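Undergrad: kindly return the folded structure for what I paste below:
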Amino acid sequence: MFRYLRRLATSATYTRWLHLLIPGAVCSVWLFISMDTPWLLALFAVPVGLLPGMRLAEGVQAQLLLTPAERGRSGAAISTTAAATWADRWRTVLWLEIRLLLALVIWFATVWLPATAVGLVLAATDVGPSNEWLVRGVEPHWWYALLAPLPILVLLAVVVASGELITAAARGLLGPSPVQRLTVLEERTEQLLERNRIARELHDSIGHALTVAVVQAGAARAAHDPEFTERALAAIEETGRDALDDLERVLRVLRESGTPVGQQPTLAEADRLLDSARGSGARIDADVSGPLEQVPGAVSREGYRILQESLTNVLRHSGAVPVRVRISVAKGRLELEVANPLTDSMGTRGGGSGLRGIRERAALLGGKAKTGPDDGEWRVHASLPLNGLG
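TA: Down below sits the predicted model:
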């Protein structure tokens, strides 16, 4: 009971009522032409429903009037596309038949139930016998006026129930086909993957820049050496500019979805990361072997981010310590390893989002990554396959 009362307070109930009344205009015209052949309307709906464009027209009208809250949404329960298969066409035919049937019900209720209420009011007066349906020929009695609201209540119940029924039918018959649902699901998956990738990009780039800035600023303050302070400020400026470039590129991706953007950093620019770490006081021992320029783009970009996050963790948790970096390309794989002496502060960082991101990046490329203590060192080792990626 309360559910129906709540429905009467929503605008969708009355737009659904309007949607149900629209076919009645067609039915009225046809009955005016031929009262003896109303069944021809149901027969005529078959070839009309088989037209591909009819599904689009019905979908737009149904989404506008039956589910206005979903209008224009990509994941709407009612599709607004033309029929692409014969299954969609026959579903449209069935939809038209159901719509015509419910239209007849709602027209009958809309016309005759209010007329019955008026007839009950007349039957309660001294005007004389009423000619309205259900009260035709009855003698006037005052208590008929107490029954007058009943047909109106029945009408409102019919309107709500018919609106629910026609909406359920529209979702089932005009809803997206399995192929369309799969396409929408794939688009949503791609969006989620892109958002996760952007989050990792920001975490790695901005986190690295902030870590370098904090380490350099602390070292400069403790050194009391103008020359060292100048070098530290230069390193902070360079790292900050690189971070701003990365941030601008990510923002362009967000603003211009699907539009090509500037080149993402690759392992060919690894020297920039190593110099930045050296400028923060870390002693980097780098060994790069193999043709980095031949590494596929996706692998090279993810390798750059893995290296960046690894160096960021070293600076954040260990500070200026010796760091061994090994990058090699051989036997169809990219091997990347970053190791530094294990310190007391490094045992608590194994569950961080940065190290988890390293493992996720490797897994997305079909590779694997290990992070953690190993023989007195904290080691990050990633192994990424080259075949089939670009």
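Undergrad: now do the strands in the stretch 201-350 of the chain.
TA: All strands of the stretch 201-350 of the chain, identified by DSSP state E, counting those that start in this stretch, fall at 283-289, 322-330, 333-341.
Undergrad: His208 is nearest to which of the ones you listed?
TA: Nearest of these to His208, taken as C-beta to C-beta: strand 333-341 at 12.9 Å. To be clear about C-beta, it is placed using only N, CA and C from the backbone, and glycine gets the same treatment.
Undergrad: show me what that closest one is in contact with.
TA: 267, 295, 299-300, 303, 306-307, 310-311, 314, 318, 321-329, 367, 374, 376-386 (C-beta atoms under 8 Å, 6 or more residues apart in numbering).
Undergrad: with adjacent residues omitted, what lies nearest to Pro176?
TA: Ser79 (4.6 Å; C-beta to C-beta, 6 or more residues apart in numbering).
Undergrad: can you check Leu8 too?
TA: Per C-beta to C-beta, 6+ apart, closest to Leu8 is Leu156, 6.1 Å.
Undergrad: tally of neighbours for Thr10?
TA: Neighbour count of Thr10, defined by other C-beta atoms under 10 Å: 14.
Undergrad: before we move on, what about Gly297?
TA: Gly297 has 12 nearby residues by other C-beta under 10 Å.
Undergrad: could you do Ala83 as well?
TA: With other C-beta under 10 Å as criterion, Ala83 counts 22.
Undergrad: that one should be in a strand, yeah?
TA: No. Applying DSSP: H, G, I helix; E, B strand; the rest coil, one finds Ala83 to be coil, outside a strand.
Undergrad: isn't it up against Gly59?
TA: No. In this structure, Ala83 is not within contact of Gly59 by C-beta atoms under 8 Å, at 9.7 Å.
Undergrad: quick one: Leu156 from His19, how far?
TA: 16 Å (C-beta to C-beta, to the nearest Å).
Undergrad: out of these two, which sits in the busier spot?
TA: His19 (23 against 18).
Undergrad: quick one on the thing from earlier: now, which of the contacts of strand 333-341 lie within helices?
TA: Val299, Ser300, Gly303, Ile306, Leu307, Ser310, Leu311, Val314 (DSSP state H).
Undergrad: residues in contact with the fourth one?
TA: Residues near Ile306 by C-beta under 8 Å, 6+ apart: Leu336, Ile358, Arg361, Ala362, Ala369, Val380, Ala382.
Undergrad: among these, which one sits closest to Ile166?
TA: Arg361 (49.6 Å).
Undergrad: would you map the helices across the stretch 101-250 of the chain?
TA: Listed in chain order, the helices found in the stretch 101-250 of the chain under DSSP state H, counting those that start in this stretch are 144-147, 149-173, 178-223, 226-255.
Undergrad: of those helices, which is nearest Thr15?
TA: Closest among the helices of the stretch 101-250 of the chain, using C-beta to C-beta: helix 149-173, at 8.6 Å.
Undergrad: what's the weakest-modelled helix or strand in the protein?
TA: Least confident helix or strand of the chain, by mean pLDDT, DSSP states H and E, is helix 178-223 with a mean of 68.
Undergrad: about what we covered before: report the lowest-confidence entry in the contacts of Ile306.
TA: Lowest-confidence member of the contacts of Ile306: Arg361, scoring 80 (pLDDT).
Undergrad: now do the same contact list for the closest residue to it other than its chain neighbours.
TA: Distances taken as C-beta to C-beta, 6+ apart put Glu302 closest to Arg361, at 4.6 Å, once the chain neighbours are dropped. Residues in contact with Glu302 (C-beta under 8 Å, 6+ apart) are Arg361, Ala362, Leu364, Leu365, Leu384.
Undergrad: so which of the residues you listed comes closest to Thr110?
TA: The closest of these, once distances to Thr110 are taken by C-beta to C-beta, is Leu364, at 58.5 Å.
Undergrad: quick check: closest non-adjacent residue to that closest one.
TA: With C-beta to C-beta, 6+ apart, the residue lying closest to Leu364 is Glu302, at 7.5 Å.
Undergrad: re earlier: deepest-packed of the strands of the stretch 201-350 of the chain, please.
TA: strand 333-341 (a mean of 21; mean count of other C-beta atoms under 10 Å).
Undergrad: what strands line up against that one, and which way round?
TA: strand 322-330 (antiparallel), strand 377-385 (antiparallel) (DSSP bridges).
Undergrad: so, low pLDDT: which residues of the stretch 251-390 of the chain?
TA: Residues of the stretch 251-390 of the chain that meet the criterion pLDDT under 70 lie in 251-263, 344-353, 388-390.
Undergrad: Tyr304 reaches Pro265, doesn't it?
TA: Yes. Using C-beta under 8 Å, Tyr304 is in contact with Pro265, at 5.0 Å.
Undergrad: what's the spacing between the closest residue in space to Thr15 that isn't next to it in sequence and Ala170?
TA: Of all residues not flanking Thr15 in the chain, Leu65 sits nearest, at 4.4 Å (C-beta to C-beta, 6+ apart). Counting by C-beta to C-beta, the gap between Leu65 and Ala170 amounts to 10 Å.
Undergrad: cool, and Phe44?
TA: For Phe44 relative to Ala170 (C-beta to C-beta), the value is 21 Å.
Undergrad: again, but for Val288
TA: Following C-beta to C-beta, the distance that separates Val288 from Ala170 is 62 Å.
Undergrad: please apply the same query to Tyr144.
TA: Taking C-beta to C-beta, one finds Tyr144 at 40 Å from Ala170.
Undergrad: swap in Leu8?
TA: 21 Å.
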